[in-house]
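Enquirer: Quick one, what's the 3D model for this:
(one chain, ligands or ions: 1)
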Amino acid sequence: MRSQDYSQDAWVQRIPKRLLISFGNSSLDYLYHVCYAKKVGYFWIGITVLFLFLPYSRNVMPKTLDGQITMEKTPSYFVTNEAPKRIHSMAKDIKLIVVVRNPVTRAISDYTQTLSKKPEIPTFEVLAFKNRTLGLIDASWSAIRIGIYALHLENWLQYFPLSQILFVSGERLIVDPAGEMAKVQDFLGLKRVVTEKHFYFNKTKGFPCLKKPEDSSAPRCLGKSKGRTHPRIDPDVIHRLRKFYKPFNMMFYQMTGQDFQWEQEEGDK
Ligand SMILES: Nc1ncnc2c1ncn2[C@@H]1O[C@H](COP(=O)(O)OS(=O)(=O)O)[C@@H](OP(=O)(O)O)[C@H]1O
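Expert: I've put the predicted structure just below:
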């Protein structure tokens, strides 16, 4: 086996070969948090400009050794039109890890986040419709448009084959974090270092958290801004949104070869 060179010269800033992305509000932070805490990769927490506008973005990357993985995480790439083309021109063999979640819950989560910053905005029910009497959904509202995953994925598939993309279920990440992490590690070609023994379910938070690592004093949950209580949304509106998304979801399942079972969920949080 080749011994690792730890000399100063061996630490180099590299263009990431793995990218964690999501449509926003889909548990990407949690995936990143687990990968980071368990050193599954060396991260740059990305901002969209990185790949899009900085030709020498390598300069802002963490230094890694040959054989270590440089990853970048950002929620906004997936819906940024120019992103796949530019990323492809810099790193065509990149592995993409995309976290997805029921688009109806995602839209409500997105709205809840905005509401926490701007309490004066209209209700979700008002923003969701162009014409509520006619049941016409406002697909130009970003909270809704982002959830049309099939549309965004089409753009990426023009540049990257499906084999380079792993879709992680935001729902499964909550109920079975170790199971989803196993898929992530397999996809990255890594030994399964993150397993069930690293997680516990925090009843107060209502989400899984990481158990206390040996080198730190506290178990790690995500902060208060993750896992917020959603406002109550009129069930009719939820029903209407489900109908709106259904054909797009079906298209997305077909394109990815994965059934995320969003139609089977009883209600949205
Ligand atoms: N372990 C754990 N702890 C807390 N929250 C968790 C966890 N796993 C998944 N989630 C869900 O993650 C949702 C927020 O997604 P992110 O903001 O991380 O996504 S993204 O970075 O914008 O893609 C967040 O959405 P909200 O519930 O609307 O706040 C959570 O439902």
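
Enquirer: can you list the residues of the protein near the ligand?
Expert: With C-beta under 6 Å from any ligand atom as the criterion, the chain meets the ligand at residues 22, 24-30, 75, 99, 109, 112, 173-174, 207-208, 222, 226-228. Glycine gets a C-beta too; all of them are placed from N, C-alpha and C.

Enquirer: Which of those residues are buried, as a ChimeraX select command?
Expert: Applying 16 or more other C-beta atoms under 10 Å to the residues of the chain next to the ligand, the buried members can be selected in ChimeraX as follows:
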select :22,24,25,26,27,28,29,30,75,99,109,112,173,174,207,208,222,226,227
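
Enquirer: Just the ones in helices from the residues of the chain next to the ligand, please.
Expert: Among the residues of the chain next to the ligand, the ones falling in helices (DSSP state H) are Leu28, Asp29, Tyr30, Ser109, Thr112, Leu173, Ile174.

Enquirer: wait, Ala91 sits on Thr70?
Expert: No - using C-beta atoms under 8 Å as the test, Ala91 is too far from Thr70 to be in contact (10.2 Å).

Enquirer: Neighbour count: the two, which is higher?
Expert: A count of neighbours by other C-beta atoms under 10 Å puts Thr70 above the other of Ala91 and Thr70, at 21 against 17.

Enquirer: so that one makes contact with Thr64?
Expert: Yes - in terms of C-beta under 8 Å, Thr70 counts as a neighbour of Thr64; the distance is 5.2 Å.

Enquirer: Output the lowest mean pLDDT helix or strand found in the chain.
Expert: For the chain, the helix or strand with the lowest mean confidence is helix 49-53, at a mean of 47 (criterion: mean pLDDT, DSSP states H and E).

Enquirer: ok, then the element right after that helix?
Expert: Going down the chain from helix 49-53, the next helix or strand is strand 63-64, by DSSP states H and E.

Enquirer: roughly how far is that next one from the heart of the chain?
Expert: Chain-centre distance of strand 63-64: 24 Å, with C-alpha atoms, centre = their mean, to the nearest Å.

Enquirer: That one: partners in the sheet, and parallel or antiparallel?
Expert: Sheet pairing for strand 63-64, assigned by DSSP bridges, gives strand 12-13 (antiparallel).

Enquirer: Can you point out the helix or strand that includes Tyr245?
Expert: helix 235-256.

Enquirer: whoops, I mixed them up, Lys130
Expert: Here Lys130 sits within strand 129-131, counting by DSSP H and E.

Enquirer: so what's the residue of the stretch 51-200 of the chain found nearest the ligand up against?
Expert: Minimum separation of the stretch 51-200 of the chain from the ligand (C-beta to the nearest ligand atom) falls at Ser109, amounting to 3.0 Å. Counting by C-beta atoms under 8 Å, 6 or more residues apart in numbering, Ser109 touches Asn25, Arg101, Arg228, His230.

Enquirer: What is the nearest of those to Gln261?
Expert: For the contacts of Ser109, the minimum distance to Gln261 (C-beta to C-beta) is 11.8 Å, reached by Arg101.

Enquirer: pLDDT score for the nearest residue to that closest one once chain neighbours are set aside?
Expert: Excluding the flanking residues, the one nearest Arg101 by C-beta to C-beta, 6 or more residues apart in numbering is Gly170, at 3.3 Å. Per-residue confidence (pLDDT) for Gly170: 94.

Enquirer: Counting neighbours, what do you get for Gly170?
Expert: 23.

Enquirer: for it, what are its contacts?
Expert: Counted by C-beta under 8 Å, 6+ apart, Gly170 has contacts Ser22, Ser26, Ser27, Val99, Val100, Arg101, Asn102, Arg106.

Enquirer: Report pLDDT for the first one.
Expert: Ser22 carries a pLDDT value of 68.
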